[in-house]
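> Sequence isn't available, so here's the structure alone:
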């Protein structure tokens with residue numbers, strides 16, 4: 001990457017080292033700032049133009065005030081934290097900050113006008129600022145998708161040194177490779193003392209350059225943007241404090257993974273006890289008001305979806321019946337919440353008596369766990385392959401949701417023979433209703449390994465919320481239309 005004088009001067013003025021990450025971050029920040037300003041100005045011009053079209057008279061003072069609000073808009077966004085580097089590419093946090101900034105400026109204008117008895121056009125509060133918020137959300141969404149595409153191509157990635165045991169480092173390397181949109185790439189690793197035999201060792205292509213005593217030197221050697229410390233007993237509080245001191249002069253960030261890897265932020269909080277900062281972890285809520293709200297939401301959405309999709313589902317049923325022998329619907333026993341069995345409904349995508357033919361194909365199983373999957377399963381019909389690719393075969397499961405046996409979002413509904421092979425940890429996924437979609441659906445579908453599927457299901461169980469359900473439903477549309485990982 002070619003570095004211009006402007007970027008070099010900016011880095012020096014900010015007192016930080018000039019790195020590829022800092023250059024693209026500042027460039028991306030300028031693009032966000034310009035886009036946010038443009039969104040506010042477009043909203044202002046749109047509202048003014050609409051008022052003129054209606055024949056309203058707009059004095060110069062109102063015009064100047066409107067454009068002044070547009071100029072203030074990026075400042076309101078900055079106060080809400082939308083320009084913080086950690087929110088780049090993270091949809092929920094970034095969108096929430098934009099919404100809070102828009103609401104905050106709207107409230108400030110309304111309260112300020114009331115407190116000072118200043119007459120301002122109601123169109124600013126009722127139309128311009130809400131429109132600016134909506135336009136900024138759309139702009140941020142497009143920028144986020146563009147950033148994800150660049151990261152998938154290996155650009156705009158932050159260089160990370162992973163510190164921990166070999167297994168934990170390998171898991172982090174694979175996770176960052178599988179989900180590059182997070183913007184992290186492990187470029188070096190440091191293992192515990194005694195586990196570093198010397199140069200030449202690597203972890204799935206990531207070189208190991210030393211042990212825990214060499215972290216600061218390794219980070220400087222590979223020009224790392226961050227150091228990720230994974231859960232390990234060798235690094236206690238004093239060691240972490242010394243590590244933070246050793247890398248702070250270079251501006252290298254420090255990330256520390258807690259022992260509870262799949263517990264999300266809303267369930268955790270830092271509480272000082274006897275002068276020590278302790279991590280408090282709340283238990284997930286599987287009953288009570290939140291579950292009632294989730295169940296009500298599921299059934300209302302299922303009812304609406306069945307009403308809208310009734311005719312397309314009849315067409316699909318007719319295609320299944322006319323292109324192969326057998327019924328249109330396929331019923332199968334699955335295991336639901338608390339281990340209770342139920343009949344799941346799907347459009348039939350295989351030939352008749354496909355379950356009897358499964359035993360002959362077990363030797364060709366391409367999955368690495370208790371599931372049976374084949375990319376080119378000979379039992380799947382031509383229409384069935386299309387239905388599976390776009391998950392149309394699962395639409396009848398809306399009936400299961402309506403009956404309360406399934407949820408719109410949750411773990412994948414397992415077969416009884418799969419549950420029979422579950423260990424203690426895996427059975428944790430049975431404490432909630434299975435779902436039509438879930439983290440496994442939006443993270444790779446059938447391309448995921450058994451361990452990764454389980455990990456995603458357990459992460460959902462530990463951190464479920466209605467907001468998370470809405471995010472997964474939104475991402476499901478993108479995953480289904482692309483058709484990847486479905487077979």
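Ah, there it is. Quantities reported herein were computed from a predicted structural model and do not represent experimental measurements.

> Show me the chain divided up by domain.
Here the chain is described, according to automatic domain parsing, as comprising the domains 5-152, 158-257, 289-482.

> Okay, strands next: where are they in the stretch 101-250 of the chain?
Using DSSP state E, counting those that start in this stretch, the strands found in the stretch 101-250 of the chain span residues 158-163, 184-191, 202-203, 206-211, 226-229.

> what about residue 345, is that helix, strand or coil?
Here residue 345 is recorded as strand under DSSP: H, G, I helix; E, B strand; the rest coil.

> meant to ask about residue 332, not that
Classification of residue 332 using three-state DSSP returns strand.

> hang on, it packs against residue 342?
No. Taking contacts as Cβ atoms under 8 Å, residue 332 lies outside contact range of residue 342: 9.9 Å. C-beta: built from backbone N, CA, C; applies to glycine.

> between those two, who's got more neighbours?
Taking other Cβ atoms under 10 Å, residue 332 and residue 342 do not tie; residue 342 has more neighbours (19 against 13).

> Lowest average confidence across the domains of the chain, which one?
Of all the domains of the chain, the minimum mean pLDDT falls on domain 5-152 (a mean of 81).

> For the strands of the stretch 101-250 of the chain, could you give me CSV that also reports mean neighbour count?
Converted to CSV, these look like this (neighbours: other Cβ atoms under 10 Å):
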stretch, mean neighbour count
strand 158-163, 26
strand 184-191, 24
strand 202-203, 16
strand 206-211, 20
strand 226-229, 21
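
> picking that back up, of all the domains of the chain, which one is nearest residue 279?
domain 158-257 (10.7 Å; Cβ to Cβ).

> from the chain's centre, how far out does that closest one sit?
Domain 158-257 has its C-alpha centroid displaced from the chain centroid by 24 Å (Cα atoms, centre = their mean, to the nearest Å).

> Could you dump the strands of the stretch 101-250 of the chain into a markdown table and include distance to residue 277?
Formatted as a markdown table, those follow (distance: least, Cβ to Cβ, whole Å):
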| stretch | distance to residue 277 |
| --- | --- |
| strand 158-163 | 21 |
| strand 184-191 | 25 |
| strand 202-203 | 32 |
| strand 206-211 | 27 |
| strand 226-229 | 16 |
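
> Residue 113 is nearest to which of these?
The minimum distance between residue 113 and the strands of the stretch 101-250 of the chain falls on strand 158-163, with 43.7 Å, by Cβ to Cβ.

> Which elements pack onto that closest one?
Using 3 or more Cβ pairs under 8 Å, 6 or more residues apart in numbering; DSSP states H and E as the contact test, the elements touching strand 158-163 are helix 166-178, strand 184-191, helix 215-221, strand 226-229.

> change it to 10 Å
Where contact means 3 or more Cβ pairs under 10 Å, 6 or more residues apart in numbering; DSSP states H and E, strand 158-163 is packed against helix 20-53, helix 166-178, strand 184-191, strand 206-211, helix 215-221, strand 226-229, helix 237-248, strand 253-256.

> If we go by neighbour counts, what in the longest one is buried?
It refers to helix 20-53. Buried residues in helix 20-53, counted by 16 or more other Cβ atoms under 10 Å: 20-26, 28, 32, 35-37, 39-41, 43-44, 47-48, 51.

> returning to what we had before: in CSV, list the domains of the chain along with distance to residue 272.
Formatted as CSV, these follow (distance: least, Cβ to Cβ, whole Å):
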stretch, distance to residue 272
domain 5-152, 24
domain 158-257, 14
domain 289-482, 25
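
> and of these, who's closest to residue 270?
Closest among the domains of the chain, using Cβ to Cβ: domain 158-257, at 12.3 Å.

> Distance of residue 406 relative to residue 36?
From residue 406 over to residue 36 the distance is 41 Å, taken as Cβ to Cβ, to the nearest Å.

> Ok, residue 303 next?
Distance from residue 303 to residue 36, by Cβ to Cβ: 39 Å.

> same check, this time on residue 344
46 Å.

> Over to residue 299?
39 Å.

> Mutual contacts of residue 332 and residue 342, please.
Listed as contacting both residue 332 and residue 342 by Cβ atoms under 10 Å, 6 or more residues apart in numbering are residue 413.

> Tell me how many other residues crowd the residue nearest to residue 113 when sequence neighbours are not counted.
Nearest non-adjacent residue to residue 113, counting by Cβ to Cβ, 6 or more residues apart in numbering: residue 120, 5.0 Å away. Around residue 120 there are 17 other residues, counting by other Cβ under 10 Å.

> and the helix or strand harbouring residue 299, which residues are buried?
Secondary-structure element containing residue 299, defined by DSSP states H and E: helix 289-323. Neighbour-count burial for helix 289-323 flags 294, 297-299, 301-302, 305-306, 313, 316-317, 319-320 (criterion: 16+ other Cβ under 10 Å).

> so which pair among these is furthest apart in space?
Pairwise over the buried residues of helix 289-323, using Cβ to Cβ, the maximum falls at 294 and 319, 33.6 Å.

> separation between the residue lying closest to residue 332 once chain neighbours are set aside and residue 237?
The shortest distance from residue 332 to any non-neighbouring residue, by Cβ to Cβ, 6+ apart, is to residue 344 (5.5 Å). Using Cβ to Cβ, residue 344 is found at 49 Å from residue 237.

> Next, residue 460: phi, psi?
Recorded main-chain torsions at residue 460 are phi -60, psi -50, according to degrees, to the nearest 10.

> Surely residue 223 touches residue 187?
Yes. In this structure, residue 223 is within contact of residue 187 by Cβ atoms under 10 Å, at 8.5 Å.

> what sits in contact with each of these two?
Taking Cβ under 10 Å, 6+ apart as the criterion, residue 223 and residue 187 both touch residue 159.

> and residue 57, how many residues sit next to it?
Residue 57, neighbours per other Cβ under 10 Å, totals 7.

> swap that for residue 214, sorry
Neighbourhood size, residue 214 [other Cβ under 10 Å]: 17.

> same thing with residue 451?
12.

> host element of it?
helix 450-463.

> just checking, next helix/strand downstream of that helix?
Beyond helix 450-463 on the C-terminal side, the first helix or strand identified by DSSP H and E is helix 466-482.

> What lies in contact with that following helix?
By Cβ under 10 Å, 6+ apart, helix 466-482 touches 91-92, 95-96, 145, 264, 266, 290, 293-294, 297-298, 301, 389-392, 394, 407-410, 435-445, 459-460, 464-465, 485-486.

> do that again at 6 Å, thanks
Defining contact as Cβ atoms under 6 Å, 6 or more residues apart in numbering, one finds that helix 466-482 is touched by 294, 390-391, 409, 437, 441-442.

> What is the neighbour count of the residue nearest to residue 332?
23.

> so it touches residue 334, yeah?
Yes. Under the criterion of Cβ atoms under 6 Å, residue 344 is in contact with residue 334, at a separation of 4.5 Å.

> What's the local residue count around residue 401?
23.

> element containing it, please.
Here residue 401, judged by DSSP H and E, is contained in helix 397-402.

> Counting by contacts, list what the next helix or strand after that helix packs against.
Next helix or strand after helix 397-402 toward the C-terminus (DSSP H and E): strand 407-409. With contacts taken as 3 or more Cβ pairs under 6 Å, 6 or more residues apart in numbering; DSSP states H and E, strand 407-409 sits against strand 435-437.

> which outside residues touch the helix or strand following the strand it packs on?
Counting by DSSP H and E, the element after strand 435-437 in chain order, helix or strand, is helix 439-442. With Cβ under 6 Å, 6+ apart as the test, helix 439-442 has contacts from 412, 453, 456, 460, 472, 475-476, 479.
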